[in-house]
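> whatever this is, show me its structure:
(2 chains, ligands or ions: 2)
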Amino acid sequence: MIEYLRNNHVIVWQALQEHLYLALLPVLLGFVIALPLGYLAVRFPRLYHPLTNVYGILYSIPSLALFVFLPVILGTKVLSPINIVVALTIYTVALLARTVADGLRSVDAVVVQAATAMGYRRTRRLISVELPIALPVILAGLRVATVSNISLVSVGSLIGIGGLGQLFTRGFQLFYMEPILIGVILSVLLAAIADLIIVLVQRAITPWTRVA
Amino acid sequence: MITFEDVVKVYPGGSTAVDHLSMELPTGKMTVLVGPSGCGKTTSLRMINRMISPSAGRILIDGEDVTAKDEALLRRGIGYVIQHAGLFPHRTVLDNVATVPVLLGETRRAARAKALALLERVGLAEEFAKRYPAQLSGGQQQRVGVARALAADPPIMLMDEPFSAVDPVVRLQLHDEFLRLQQDLGKTIVMVTHDIDEALKLGDRVAVLREGGHLAQFGTPRDLVTNPADDFVSGFVGKDRGLRGLSFDDASALPVRPVEGLELDAAGKPRGGTFTKADSLRTVIDLVISSPTGVAVRVGPDGAPDGLVSHHDLADYLASRRP
Ligand SMILES: Nc1ncnc2c1ncn2[C@@H]1O[C@H](COP(=O)(O)OP(=O)(O)O)[C@@H](O)[C@H]1O
Ligand SMILES: [Mg+2]
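Numbers count the residues shown, from 1 in each chain, chains lettered A, B, ... in the order given. Ligands and ions are numbered 1, 2, ... in the order given. Below you'll find the model as predicted:
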């Protein structure tokens, strides 16, 4: 395996970078889109159930189907990484919009009322009271989205798009174990490290959750 | 002065929470709204800072309709304390207290300095400043809640059952501290409680509400006890209102007998409790009943005993006061 790495480190390194990019860009995009969508479901309680149902349905579309059909819908090339990014962004939005909504709903109504009575206006209250208190729930969703995106990128390689999955396909084609093993180990490591980073960030920015 | 002008609140669904309420709450005094659960106390309170809007009628602060002002600005000028404190769990005690000054545009540094001074004022040591609400007892949280409401020095404070969720011992302690604080600050306070004892103890004025949001009586604690407007009020004020009434009369007219045969303790003080002319008759009754000698000792301004009162003396005096 070391031997294989030595000879192919350029390919492996490139696959790793692609993998990270393809997994994390959707997390970022998805999070930014999910914030207002999740808020909408809380701001207008009547929308909560319809919206979360839609998010649930989106999340249940099989990834391979999405990878195959998106080029038809978007008019992109079948091998374009845009397909992966769009597909994973859809999953992230579906997951995080619901998490954001649930996080905001978990904020004690008494605390929100106290904030209002202190003289917070709606937007400032959202940013400096409700969102911070909802953070533990939101970040838990972000962990799930990140880890599942990292594993889903590998599926993309089945239809020939980059990332560590390329190493699997290459291994299968050549009946060769090494690249498969390396691909598996690296994607697991990647997921574990990403998860750990989010946990550490969470500990740093939500110190109040660890006191009582 | 806070004026309720014929205020009505009907919730969607048709229940009338407040029914043609008119009253004037004097500036610099504490007015307590008291009544059974569901009689519209919270609703009345929250219409003052526009958390709830009336269905009809107006509320004026110093003659100005509360709806004339931007609601967020109005609220920043009115302190608000609730049961269970409602502190922000993600902020330290210090930053909780600094909330309104920051909203009003003060720098965080200035707001924190203010907050620190206030913590001391409500009896919390500096070491609590860096803690989070979850690390405090209920009584401590309530003190932080009071400090947070006071931070921007608002002329008006609204308090909804502020002492109901703490245990009885702490509650009595908070009452006394709060009375002392109010004596210094002279805020216009509106407090809600379902506890008539608390209302009579803390209120300069008491508004008794009954189900359906009717004002049954508005007056001083003494008015309520000695002159209840109707059966509802006398029932609510309680069976022991005769005894309660004695808390409003001092012992200045209570005759005493000369000091003789007084048992002194090792320090040369009379055994049992002592009272002054300024103490209430209720206090004297308590002393006489609990005194080991059956006699309460009156002391003068210098602390020296100047008279004795026995069971009999007290009974005779109370009998002589009957109309
Ligand atoms: N948001 C609301 N919607 C409908 N009814 C309400 C609402 N809030 C309070 N009520 C009703 O109004 C009445 C007065 O409530 P409230 O002011 O909270 O009473 P209190 O504080 O004296 O217990 C009650 O009958 C209560 O059920
Ligand atoms: Mg209430």
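> how about residue A:190, nearest residue that isn't a chain neighbour?
Once flanking residues are discounted, residue A:190 sits nearest to residue A:150: 5.4 Å by C-beta to C-beta, 6 or more residues apart in numbering or on different chains. No exception for glycine: its C-beta is placed from N, CA and C like everyone else's.
> ditto for residue A:22
Residue A:22 sits nearest to residue A:153 (C-beta to C-beta, 6+ apart), 4.7 Å away.
> identify each buried residue in the helix or strand harbouring that neighbour, please.
Using DSSP states H and E, residue A:153 falls within helix A:131-156. Neighbour-count burial for helix A:131-156, counted by 16 or more other C-beta atoms under 10 Å in any protein chain shown, picks out A:131-143, A:145-156.
> look up phi and psi at residue B:208.
Dihedral pair for residue B:208: phi -90, psi 120, per degrees, to the nearest 10.
> enumerate the residues of chain B near ligand 1.
By C-beta under 6 Å from any ligand atom, the residues of chain B that approach ligand 1 are B:11, B:13, B:15, B:17, B:35, B:37, B:38, B:39, B:40, B:41, B:42, B:43.
> what is the nearest of these to chain A?
Taking C-beta to the nearest C-beta as the measure, chain A sits nearest to residue B:42 out of these, at 10.9 Å.
> residues contacting that closest one?
By C-beta atoms under 8 Å, 6 or more residues apart in numbering or on different chains, the residues touching residue B:42 are B:160, B:192.
> do the same with the one 4 residues further on
Taking C-beta under 8 Å, 6+ apart as the criterion, residue B:46 is in contact with B:52, B:158, B:160.
> for the second one, what are phi and psi?
Going back to what we said before, that points to residue B:158. According to degrees, to the nearest 10, residue B:158 has phi -110, psi 130.
> residues contacting it?
With contact set as C-beta under 8 Å, 6+ apart, residue B:158 has these partners: A:117, B:45, B:46, B:48, B:49, B:78, B:79, B:80, B:81, B:189, B:190, B:191.
> any idea how far ligand 1 is from the residue nearest to residue A:22?
Separation of residue A:153 from ligand 1 (C-beta to the nearest ligand atom, to the nearest Å): 49 Å.
> let's have the contacts of residue B:158 in CSV, adding secondary structure and pLDDT.
What follows is the contacts of residue B:158, written out as CSV (DSSP: H, G, I helix; E, B strand; the rest coil; pLDDT from 0 to 100):
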residue, secondary structure, pLDDT
A:117, helix, 97
B:45, helix, 97
B:46, helix, 97
B:48, helix, 98
B:49, coil, 97
B:78, strand, 97
B:79, strand, 97
B:80, strand, 97
B:81, strand, 96
B:189, strand, 97
B:190, strand, 98
B:191, strand, 97
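> do I have it right that residue B:156 meets residue B:26?
No: Residue B:156 lies out of contact with residue B:26 (C-beta atoms under 8 Å); the separation is 11.8 Å.
> overlap in contacts of those two?
Jointly contacting residue B:156 and residue B:26 under the rule C-beta under 8 Å, 6+ apart are residue B:188.
> that's a strand at residue B:59, yeah?
Yes: secondary structure assignment (DSSP: H, G, I helix; E, B strand; the rest coil) places residue B:59 inside a strand.
> give me the neighbour count for it.
Other residues lying near residue B:59 total 21 when counted by other C-beta atoms under 10 Å in any protein chain shown.
> which residues does it bridge with?
residue B:4 (DSSP bridges).
> quick one: contacts for it?
Going by C-beta under 8 Å, 6+ apart, residue B:59 touches B:2, B:3, B:4, B:5, B:7, B:47, B:48, B:65, B:66.
> again with residue A:56
By C-beta under 8 Å, 6+ apart, the contact set of residue A:56 is A:94, A:98.
> from residue A:102, how far off is it?
Using C-beta to C-beta, to the nearest Å, residue A:56 is found at 12 Å from residue A:102.
> swap in residue B:14?
Between residue B:14 and residue A:102 the distance is 33 Å, computed by C-beta to C-beta.
> quick one: which of the two has more around it?
Between residue B:14 and residue A:102, residue A:102 has the larger neighbour count (other C-beta under 10 Å), namely 19 against 6.
> excluding chain neighbours, what is closest to that one?
Closest residue to residue A:102 apart from its sequence neighbours, by C-beta to C-beta, 6+ apart: residue A:137 at 6.0 Å.
> so the lengthiest helix in chain A versus helix A:131-156, what angle?
For chain A, the helix with the greatest residue count under DSSP state H is helix A:2-43. Angle, helix A:2-43 to helix A:131-156, by axes from the mean of the first three to the mean of the last three C-alpha atoms, to 10 degrees: 140 degrees.
> just to revisit the earlier point, so what's the residue nearest to residue A:190 up against?
By C-beta under 8 Å, 6+ apart, residue A:150 lies in contact with A:19, A:23, A:187, A:190, A:191, A:194.
> which of those has the most neighbours?
Per-residue neighbour counts (other C-beta under 10 Å) across those peak at residue A:23, which has 30 neighbours.
> I'd say residue B:196 and residue B:234 touch.
No: taking C-beta under 8 Å as the definition, residue B:196 is not a contact partner of residue B:234, at 11.3 Å.
> next one: the residue nearest to residue A:190 from residue A:80, what distance?
Distance, residue A:150 to residue A:80, by C-beta to C-beta: 20 Å.
> and what of residue A:28?
Separation of residue A:28 from residue A:80 (C-beta to C-beta): 19 Å.
> nearest to ligand 1: which residue in the stretch 101-250 of chain B?
residue B:192 (6.2 Å; C-beta to the nearest ligand atom).
> follow-up on the earlier one: show me just the buried residues among the residues of chain B next to ligand 1.
Buried by 16+ other C-beta under 10 Å: B:17, B:35, B:39, B:40, B:41, B:42, B:43, out of the residues of chain B next to ligand 1.
> got the CA coordinates for the host helix or strand of residue B:316 in CSV?
Per DSSP H and E, residue B:316 falls inside helix B:311-321. Only the C-alpha atoms of helix B:311-321 are listed here, as CSV (Å, rounded to 0.1, in the frame of the first residue of the first chain):
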residue,chain,number,x,y,z
HIS,B,311,-51.5,39.1,77.6
HIS,B,312,-54.2,40.8,79.6
ASP,B,313,-53.0,44.3,78.8
LEU,B,314,-53.1,43.5,75.1
ALA,B,315,-56.6,41.9,75.3
ASP,B,316,-58.0,44.9,77.2
TYR,B,317,-56.5,47.3,74.7
LEU,B,318,-57.8,45.4,71.7
ALA,B,319,-61.2,45.2,73.3
SER,B,320,-61.2,48.9,73.9
ARG,B,321,-60.5,49.6,70.2
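> relative to chain A, how far out is residue B:194?
Going from residue B:194 to chain A by C-beta to the nearest C-beta, to the nearest Å gives 18 Å.
> got the phi and psi for that residue?
Here is the backbone geometry of residue B:194 (degrees, to the nearest 10): phi -100, psi 0.
> how about the nearest residue to it, chain neighbours excluded?
The shortest distance from residue B:194 to any non-neighbouring residue, by C-beta to C-beta, 6+ apart, is to residue B:37 (5.7 Å).
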